[in-house]
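[1] Attaching a predicted model along with its sequence, questions to come.
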Amino acid sequence: MIPNINDGSSAPPRLRCYLNGGGLANLPSFSTVPKGEGDALLQAIRAAGFDGMQGGDVVACRRLGLGIAGDGRVDSPADAFRIAADSKAKGLECATVHAGTGFESDAEIDRLVGAILEASAKEQFPIYLETHRATITQDIWRTVELVKRFPEIRFNGDFSHWYTGHEMVYGNLPKKLEFIQPVFDRVRFVHGRIGNPGSMQVDLGTQTYGPAVTPASGQPYIDHFRQMWTLSFAGFLKTAKPGDYLIFAPELLFSSIYYARLFPGPDGTLREEGDRWQQAQLYCRIARDCFEAARQTV
């Protein structure tokens with residue numbers, strides 16, 4: 001079985017919020033992200049309430065008390081063994097991976113997933129398979145079938161790919177969430193991104209949630225993601241042991257790769273619809289609220 005991330009302590013199972021490095025890339029000029037580079041920026045990230053980074057300088061993060069997670073691609077069985085060995089040697093806590101292209105047969109999928117499981121077991125290093133379009137997990141039905149064949153697999157839940165790609169609200173959403181439960185039960189890392197039925201990364205605004213992180217009004221897709229995250233956190237808590245933690249990492253990406261949406265600014269030029277730095281902090285507030293809700297149900 002792919003292990004949970006564990007710090008060796010007797011602390012109760014918990015949530016840790018990391019910032020995915022992509023959220024700092026190509027930020028617009030109006031962003032309120034702290035100025036500076038290197039240690040100064042990492043210190044500001046820590047001061048903003050983040051517990052770590054996904055991607056970045058391992059040594060600097062460790063020196064400044066930040067956790068550090070990695071990522072990678074598994075296109076062949078050998079990739080899984082390389083990622084597990086290299087990531088562990090670098091001192092990373094875990095790695096999330098995209099696997100394949102989505103055009104694989106079941107037999108080809110099984111070879112990739114089998115290698116992820118074997119590599120993770122060999123190194124005793126957590127590798128979490130990401131739910132992502134254009135990979136072997138792009139289809140909900142095939143992913144649930146995959147869990148039946150490999151119940152030991154564990155996931156990085158990036159549910160925007162399914163929510164928008166499958167247009168999950170078109171039909172019986174509660175029934176679909178029930179169908180996905182075997183995946184929710186196996187989520188051990190979450191890429192925080194919220195999409196609506198037509199766009200997979202949308203700005204939540206600044207007034208959507210107050211200090212108490214109350215439910216959204218007029219943006220039902222936010223509450224749908226709250227449901228999916230809460231179900232995932234509950235799945236983790238059902239079997240988590242002392243010292244275990246789940247990483248929630250906002251992954252709010254930039255416009256040149258068509259994630260952040262562009263709208264006309266005050267002067268008529270196109271610009272990103274919001275400040276991804278501020279949004280990442282809002283995402284963590286929502287995730288912590290969802291984690292507490294999950295704790296109450298388990």
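    Looks like it came in fine.
[2] Can you tell me how far the closest residue to residue 167 other than its chain neighbours is from residue 179?
    Spatial nearest neighbour of residue 167, excluding adjacent residues (C-beta to C-beta, 6 or more residues apart in numbering): residue 197 at 5.3 Å. Where you see a C-beta, it was placed from the backbone N, CA and C, and this is true even at glycine. Residue 197 is 18 Å from residue 179, where distance means C-beta to C-beta, to the nearest Å.
[3] Show me which residues of the one helix or strand residue 142 maps to are buried.
    Element membership for residue 142 (DSSP states H and E) is helix 140-149. When neighbours are counted by 16 or more other C-beta atoms under 10 Å, the buried residues of helix 140-149 are found to be 140, 143, 146, 147.
[4] wait, what's in contact with the first one?
    Translated: residue 140. Contact partners of residue 140, counting by C-beta atoms under 8 Å, 6 or more residues apart in numbering, are 162, 166, 176, 179, 180.
[5] Can you pull out the low-pLDDT segments for this structure?
    206-218 (pLDDT under 70).
[6] what's near enough to touch the residue nearest to residue 167?
    By C-beta under 8 Å, 6+ apart, the contact set of residue 197 is 163, 164, 167, 168, 169, 170, 221.
[7] Ok, residue 108 next?
    Going by C-beta under 8 Å, 6+ apart, residue 108 touches residue 100.
[8] Buried residues of whichever strand or helix holds it, list them for me.
    Taking DSSP H and E as the definition, residue 108 sits inside helix 106-123. Judged by neighbour count (16+ other C-beta under 10 Å), helix 106-123 contains these buried residues: 109, 111, 112, 113, 115, 116, 117, 119, 120, 123.
[9] contacting residues for the spatially closest residue to residue 136 that is not a sequence neighbour?
    Spatial nearest neighbour of residue 136, chain neighbours left out: residue 100 (4.1 Å); criterion: C-beta to C-beta, 6+ apart. By C-beta under 8 Å, 6+ apart, the contact set of residue 100 is 74, 75, 108, 109, 112, 135, 136.
[10] Backbone dihedrals for residue 100, both of them.
    Phi and psi for residue 100, reported as degrees, to the nearest 10, are phi 70, psi -170.
[11] Likewise for the one 4 residues further on?
    Main-chain torsions, residue 104, degrees, to the nearest 10: phi -80, psi 150.
[12] Look at it and say how many residues are nearby.
    For residue 104, the neighbour count with other C-beta atoms under 10 Å is 17.
[13] still on that earlier bit, any idea how far residue 75 is from the residue nearest to residue 136?
    Residue 100 is 7 Å from residue 75, by C-beta to C-beta.
[14] Spit out the residues that contact the two alike.
    Counting by C-beta under 8 Å, 6+ apart, the shared contacts of residue 100 and residue 75 are residue 112.
[15] Then residue 295 would be within a helix, right?
    Yes. When classified by DSSP: H, G, I helix; E, B strand; the rest coil, residue 295 is found to be part of a helix.
[16] so it makes contact with residue 237?
    Yes. With contact defined as C-beta atoms under 8 Å, residue 295 counts as touching residue 237 (6.3 Å).
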